[in-house]
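Novice: need a structure here:
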Amino acid sequence: MPNIIHNQAEVTYHYEQSVGNIRSNIVETIIEDRQPIKAHMTSLQSAFNPGEVITYLIQIENTGADPLSVTMKVCLPIGSAYLLGSLKVFINSVETPITSNVEANILCVTLPKNMSPQDKGIILYCMKVDPNIDPCICAITSSLYITAHSEDGSTFTAEPPASVTLLKETASQLVLCGQWTQDYRTLTYTIQLLNYGNQEASHITLMDWLPISFNIHQVIAETNEGQVIYQPDQYQYHHSNGMILLPNANTASLNVPAATLTSPGRTVIKITGTIAK
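Specialist: From the prediction side, this is the model:
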């Protein structure tokens, strides 16, 4: 733990036949203890999707002069679970047997032998995101806490604790809305795709069921950047059951721009046509 030391200056002085005295303000100085254990945690992915397996990598190093016994605790994010059998530990590039258990969504790991001075370790493990994770969860964070004990009984921690935050992939944050509008000649089915993520959602495939015997006149996708008119060979439409699949050609794509600071990204699809009598 860091030590705090206090310092205050005092001056005595003479004037005429008297003696004066004055004290300065109190200054605090923090003396940091040099922790002999260093740790860094990272993820091999920068974002997550429901049901996806995420791989984490932890690097630790004994930078002190004494052997250290090391224990680690990883707080797994809500909506995820440790993938049994995925834990691997390497000390100085040599795989080392490991003991671990999971309690209350905390992965507890104890290295089976002490880390000698200058030893370096790599720990790998996987976590699976719940396929039915709450759609309101847009970020998950894993935190790592390491405690090391020396042979003389001293205890050290890696401060501050290492942590990794992943943002949800934008494609899984789309919100779909639809409505009919009608004038005297045509019907227009409007579908809105709203993206609350911080990256463009791309390679989207839309499936919908229009009224049976609906004759499509035009399919348009509109974004802030403009509009795209899909040609009949760029989507599939089955008159028998009203199913439309958009797009279906390599020359066509359906994307939703990233959200801004004030509003979600938006793509509006308008399908216009008439119902056969």
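Novice: pretty sure residue 221 contacts residue 271?
Specialist: No - with contacts defined as CB atoms under 8 Å, residue 221 does not count as touching residue 271, sitting 10.1 Å away. C-betas here are computed from N, CA, C, even on glycine.
Novice: if I pick residue 101, what's in contact with it?
Specialist: Counting by CB atoms under 8 Å, 6 or more residues apart in numbering, residue 101 touches residue 108.
Novice: Can you tell me the SS state at it?
Specialist: Judged by DSSP: H, G, I helix; E, B strand; the rest coil, the three-state class of residue 101 is strand.
Novice: Which pLDDT value goes with it?
Specialist: For residue 101, the pLDDT comes out at 90.
Novice: any idea how far residue 74 is from it?
Specialist: With distances taken as CB to CB, to the nearest Å, residue 101 is found 12 Å from residue 74.
Novice: Just the buried positions in stretch 65-80, please.
Specialist: Residues 66, 67, 68, 70, 72, 74, 75, 76, 77, 79, 80 are the ones in stretch 65-80 that count as buried (16 or more other CB atoms under 10 Å).
Novice: Widest-spaced pair of the residues you listed?
Specialist: Of all pairs drawn from the buried residues of stretch 65-80, the widest gap by CB to CB lies between 66 and 79 and measures 40.2 Å.
Novice: Can you name the residues that contact residue 145?
Specialist: The contact partners of residue 145, taken as CB under 8 Å, 6+ apart, are 72, 73, 74, 75, 157, 158, 161.
Novice: ok, now which ones touch residue 56?
Specialist: Contacts of residue 56 (CB under 8 Å, 6+ apart): 41, 42, 43, 44, 74, 124, 125, 126, 127, 142, 164.
Novice: Can you read off the pLDDT for the first one?
Specialist: Spelled out, that is residue 41. What the model reports as pLDDT for residue 41 is 88.
Novice: burial count for it?
Specialist: 21 (other CB atoms under 10 Å).
Novice: Which residue is the nearest non-sequential neighbour of it?
Specialist: Of all residues beyond its chain neighbours, the one nearest residue 41 is residue 162 (4.0 Å), with distances taken as CB to CB, 6 or more residues apart in numbering.
Novice: Break down the stretch 1-150 of the chain into its helices, ranges please.
Specialist: Counting by DSSP state H, counting those that start in this stretch, the stretch 1-150 of the chain has no helices to list.
Novice: so where is it shaky, pLDDT-wise?
Specialist: In the prediction, the stretch 1-150 of the chain carries residues with pLDDT under 70 at positions 1-34.
Novice: let's see it at 50
Specialist: When residues are selected by pLDDT under 50, those of the stretch 1-150 of the chain lie in 1-2, 15, 30-32.
Novice: residues in contact with residue 207?
Specialist: In this structure, residue 207 makes contact with 243, 244, 245, 246, judged by CB under 8 Å, 6+ apart.
Novice: Then it would be within a strand, right?
Specialist: Yes - assignment of residue 207 by three-state DSSP places it within a strand.
Novice: Compute the distance between it and residue 60, please.
Specialist: 48 Å.
Novice: Check residue 214 too.
Specialist: The spacing between residue 214 and residue 60, counted by CB to CB, is 63 Å.
Novice: repeat for residue 142
Specialist: As defined by CB to CB, residue 142 lies at a distance of 15 Å from residue 60.
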